[in-house]
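Asker: Curious how this folds, go ahead:
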Amino acid sequence: MRPVPAVLTTALCGVLAAPLWAHTGPDAHEPHEGEPESLSSATVSVVPPQRPAAAGDARTSGRGVMRFRVLYGSENLPEAARAVLTKAHGGFAVDRRPGRGETYFALPGAGILQISADLQTIRLLETPLALRDVNLHNTTAWSGADGTPYLTFPANDAGKIFTTTLEGELVHTLDAPSGEGDLGQPVVNDYFRVGGSFTPTDVDVLRGWLYVTTGYSELDWVLTARIGEGGHLDLTWNDLAFGGRGTGPGQLGTGHGVTVVGDRLEIADRPHSEIDRYTRYGHYLSTLALPVGSLPCDIDYEGGYAVVGALDGPDRGRGAPIYVLQDDRVVSAVFPKDELGLEGFQHVHNAVLRKVGERFYIIAQAWNPGDFVVLEQVGD
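Answerer: As a prediction, the model looks like this:
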């Protein structure tokens with residue numbers, strides 16, 4: 001059953017609610033001297049009952065029960081987000097606690113956005129400028145030992161990892177390793193000791209440890225940090241690192257995304273067209289092979305299925321695919337550009353799978369240029 005459209009006609013918590021199809025208000029602007037440390041530009045947008053008709057609206061892509069159509073796209077983002085969408089270079093996190101389901105992502109120059117659990121509203125959170133003006137390359141939603149929920153974002157260009165509340169309040173910043181502590185591998189220690197760059201691409205949390213991929217650097221090891229919560233949140237670098245650049249079992253070509261699945265870790269190894277699996281201690285388990293020539297960025301699981309957004313597919317002329325997997329087999333491939341007419345989706349940078357009612361939905365983000373779309377299942 002399709003999510004029931006919501007209609008907001010009054011201000012929500014002092015923030016104006018505007019229809020998704022309305023283009024009102026000035027464009028986002030760069031901060032001027034004297035502006036506060038956060039930008040209060042949280043606009044609530046409401047999905048219209050029916051997406052305005054456009055070429056390709058009747059198209060579907062995929063196979064079998066996992067065929068999808070466009071539900072809505074970037075026209076439904078808050079105006080400040082639309083203004084910077086071409087810069088999109090990040091990923092999504094879903095709050096999968098019981099009774100929740102909100103999806104979070106960030107756009108450089110706009111800030112952190114929240115998509116409601118029913119996919120009907122998109123809200124731009126009040127975001128500190130320290131986060132708003134860097135590239136938050138991906139995100140994860142997790143809960144502390146006391147149940148407090150957090151979002152953690154790796155900033156690949158700033159070389160930092162930021163943790164916020166679900167409302168965007170910054171509560172912790174983890175700086176690059178200094179090279180003085182032990183990270184678990186001599187080659188990793190030496191790398192930071194001589195000033196090697198720290199370019200985190202993704203993060204996830206398992207049993208009190210934060211796992212960090214570093215595939216955009218020469219390092220390409222997965223680093224770990226311990227999460228301490230003795231009165232306040234604290235993350236400190238840990239003496240465990242694994243992976244490393246290479247072609248051997250468990251080594252990485254570009255460790256781009258990390259996903260916790262039960263008690264194991266799955267790392268998207270982009271140039272090798274595979275997902276590598278490890279124990280939480282970094283012991284290599286196995287490899288999930290994807291179509292040769294595809295460049296997987298990350299993997300996400302929901303309801304017995306998984307989705308993999310690929311930067312490219314084997315056929316570059318079709319634009320990048322989003323693979324749908326069941327029991328480690330590709331059962332469908334969705335082509336946003338070639339089959340759904342979304343010209344901005346030459347490269348898919350991230351995708352997550354949601355189930356609302358009886359239908360699956362894919363939320364996807366493109367890169368170079370950036371774009372955004374929510375796809376709805378139409379398969380029988």
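Asker: For the rest of this, base every contact and every neighbour count on C-alpha atoms.
Answerer: Noted.
Asker: if you skip the residues just before and after it, what's nearest to the most centrally placed residue in the chain?
Answerer: Closest to where the C-alpha atoms of the chain average out (Cα atoms, centre = their mean) is residue 91, at 1.9 Å. Leaving aside its sequence neighbours, residue 91 sits nearest to residue 138 (Cα to Cα, 6 or more residues apart in numbering; 4.2 Å).
Asker: Can you tell me the SS state at the one you found?
Answerer: Following DSSP: H, G, I helix; E, B strand; the rest coil, residue 138 is assigned to coil.
Asker: Surely it is in contact with residue 200?
Answerer: No. Contact criterion Cα atoms under 8 Å: residue 138 and residue 200 do not qualify, at 9.2 Å.
Asker: Overlap of the contact sets of these two?
Answerer: residue 154 (Cα atoms under 8 Å, 6 or more residues apart in numbering).
Asker: Would you tell me what the next helix or strand after the biggest helix by length in the chain is?
Answerer: Looking across the chain with DSSP state H, the single longest helix is helix 186-193. The helix or strand immediately downstream of helix 186-193 is strand 202-206, counting by DSSP states H and E.
Asker: Now do that following strand: distance to the chain's middle.
Answerer: A distance of 11 Å separates the centroid of the chain from that of strand 202-206, by Cα atoms, centre = their mean, to the nearest Å.
Asker: Can you name every helix or strand that it contacts?
Answerer: Counting contacts by 3 or more Cα pairs under 8 Å, 6 or more residues apart in numbering; DSSP states H and E, strand 202-206 packs against strand 140-143, strand 149-155, strand 209-213, strand 255-261.
Asker: go with 6 Å
Answerer: strand 209-213 (3 or more Cα pairs under 6 Å, 6 or more residues apart in numbering; DSSP states H and E).
Asker: rewinding a little: residues contacting the residue nearest to residue 91?
Answerer: 90, 91, 153, 202 (Cα atoms under 6 Å, 6 or more residues apart in numbering).
Asker: Highest neighbour count among those residues?
Answerer: Using other Cα atoms under 10 Å as the neighbour criterion, residue 202 leads those with 32 neighbours.
Asker: where's that one relative to residue 251, distance?
Answerer: 17 Å (Cα to Cα, to the nearest Å).
Asker: try residue 114
Answerer: Distance from residue 114 to residue 251, by Cα to Cα: 35 Å.
Asker: Equivalent analysis for residue 350, please.
Answerer: Distance from residue 350 to residue 251, by Cα to Cα: 22 Å.
Asker: Could you list the residues in contact with stretch 163-172?
Answerer: Counting by Cα under 6 Å, 6+ apart, 127, 150, 151, 152, 162 sit against stretch 163-172.
Asker: So the second one sits against residue 142, correct?
Answerer: Right, residue 150. Yes. Contact between residue 150 and residue 142 holds when scored by Cα atoms under 6 Å: they sit 5.5 Å apart.
Asker: Poorly predicted segments of the stretch 151-300 of the chain, please.
Answerer: 231 (pLDDT under 70).
Asker: Where do the strands of it begin and end?
Answerer: 160-164, 170-175, 202-206, 209-213, 221-228, 234-243, 255-261, 264-269, 274-279, 284-289, 296-302 (DSSP state E, counting those that start in this stretch).
Asker: now for those, which one comes closest to residue 359?
Answerer: Proximity to residue 359 (Cα to Cα) singles out strand 296-302 among the strands of the stretch 151-300 of the chain, at 11.6 Å.
Asker: May I have that closest one exported as CSV, CA atoms only?
Answerer: Taking C-alpha atoms only, strand 296-302 is exported to CSV below (Å, rounded to 0.1, in the frame of the first residue of the first chain):
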residue,chain,number,x,y,z
PRO,A,296,29.7,-0.9,-6.0
CYS,A,297,29.6,2.0,-3.5
ASP,A,298,27.8,0.4,-0.5
ILE,A,299,25.2,-2.2,0.4
ASP,A,300,22.0,-1.9,2.4
TYR,A,301,19.6,-4.6,3.7
GLU,A,302,15.8,-4.6,4.3
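Asker: After it, which helix or strand is next?
Answerer: In N-to-C order, the element after strand 296-302 by DSSP H and E is strand 305-310.
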